[in-house]
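1. give the three-dimensional model of this entry:
(one chain, ligands or ions: 1)
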Amino acid sequence: MSQPDLPCNADWVFTQFMPEVMVDLTEDGEEPWCSSCLAFTDYRRKWQSLQRADLDGGTYTENTEDPHCAVCGSRMFRLSDCRKLLWFVRLLVFLLMCLASLVCFYLFPPTQVSFLCWMLCLLVAWGGVRIPINARRALSTYRSCQANRRALNARNQIEKDLK
Ligand SMILES: [Zn+2]
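-> Residues are numbered from 1 along each chain as shown. Predicted coordinates:
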């Protein structure tokens with residue numbers, strides 16, 4: 001008879017006898033998403049030092065902690081952070097376009113030049129929305145994964161109903 005796997009047994013005992021005290025030990029209750037593995041995989045934290053400028057004209061070092069996938073090694077992102085970032089960028093772009101519209105069509109008389117400037121602002125806004133590539137990729141891969149899972153569940157349910 002083989003030696004029982006202790007961590008597995010401890011997990012089993014814990015979930016069987018104390019299901020109501022299961023706690024999520026992650027900081028904010030959400031695991032980071034790996035866009036390459038398309039899953040909430042295990043991750044390692046990597047420290048990164050960034051040079052930042054302070055208000056006195058000097059610089060200081062800021063340490064950031066980024067989760068990296070334990071399977072493929074790529075950078076992982078928390079979906080709530082990605083959503084917040086995208087909302088912030090969209091709000092910023094919306095305000096920029098409101099300001100551009102006011103300047104181009106209200107402050108100055110609407111001419112071909114002001115319309116051209118407005119179109120230029122629209123182009124900048126379109127580019128600005130596309131800048132957070134990693135956040136957009138994480139959310140889109142998560143959504144497509146969820147959609148695939150729902151489709152698979154629906155197919156399994158239909159197959160089960162037909163039997
Ligand atoms: Zn991965």
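2. is residue 118 in contact with residue 101, as I believe?
-> Yes: taking CB atoms under 8 Å as the definition, residue 118 is a contact partner of residue 101 at 6.7 Å. Placement of C-beta: from N, CA and C, glycine included.
3. and those two? which has more neighbours close in?
-> Set side by side, residue 118 and residue 101 show more neighbours around residue 118, with 17 against 14, by other CB atoms under 10 Å.
4. what distance do you get for the more buried one to residue 92?
-> 17 Å (CB to CB, to the nearest Å).
5. swap in residue 72?
-> In this view, residue 72 and residue 92 are 32 Å apart by CB to CB.
6. show me what the host helix or strand of residue 48 is packed against.
-> Under the criterion of DSSP states H and E, residue 48 resides in strand 43-53. When contacts are defined as 3 or more CB pairs under 8 Å, 6 or more residues apart in numbering; DSSP states H and E, strand 43-53 sits against strand 59-69.
7. quick check: buried residues in the helix or strand following the strand it packs on?
-> Downstream of strand 59-69, the next assigned helix or strand under DSSP H and E is helix 79-101. Within helix 79-101, the residues scored as buried using 16 or more other CB atoms under 10 Å are 79, 82, 85, 89, 93, 97, 100.
8. how many neighbours does the residue nearest to the fifth one when sequence neighbours are not counted have?
-> Leaving out its chain neighbours, the residue that sits closest to residue 93 by CB to CB, 6 or more residues apart in numbering is residue 125, at 4.5 Å. Around residue 125 there are 19 other residues, counting by other CB under 10 Å.
9. now do residue 125, the pLDDT please.
-> What the model reports as pLDDT for residue 125 is 93.
10. might one say that it is in contact with residue 98?
-> No: counting by CB under 8 Å, residue 125 sits too far from residue 98 to count as a contact (10.5 Å).
11. common neighbours of those two, please.
-> Taking CB atoms under 8 Å, 6 or more residues apart in numbering as the criterion, residue 125 and residue 98 do not both touch any residue.
12. distance of the residue lying closest to residue 130 once chain neighbours are set aside from the ion?
-> On the basis of CB to CB, 6+ apart, the spatially nearest residue to residue 130 that is not a chain neighbour turns out to be residue 136, at 7.5 Å. Applying CB to the ion, to the nearest Å, the value for residue 136 to the ion is 18 Å.
13. isn't residue 136 right up against residue 85?
-> No: counting by CB under 8 Å, residue 136 stays clear of residue 85, with 9.3 Å between them.
14. domain map for this structure?
-> With domains defined by automatic domain parsing, the chain comprises 15-76, 78-163.
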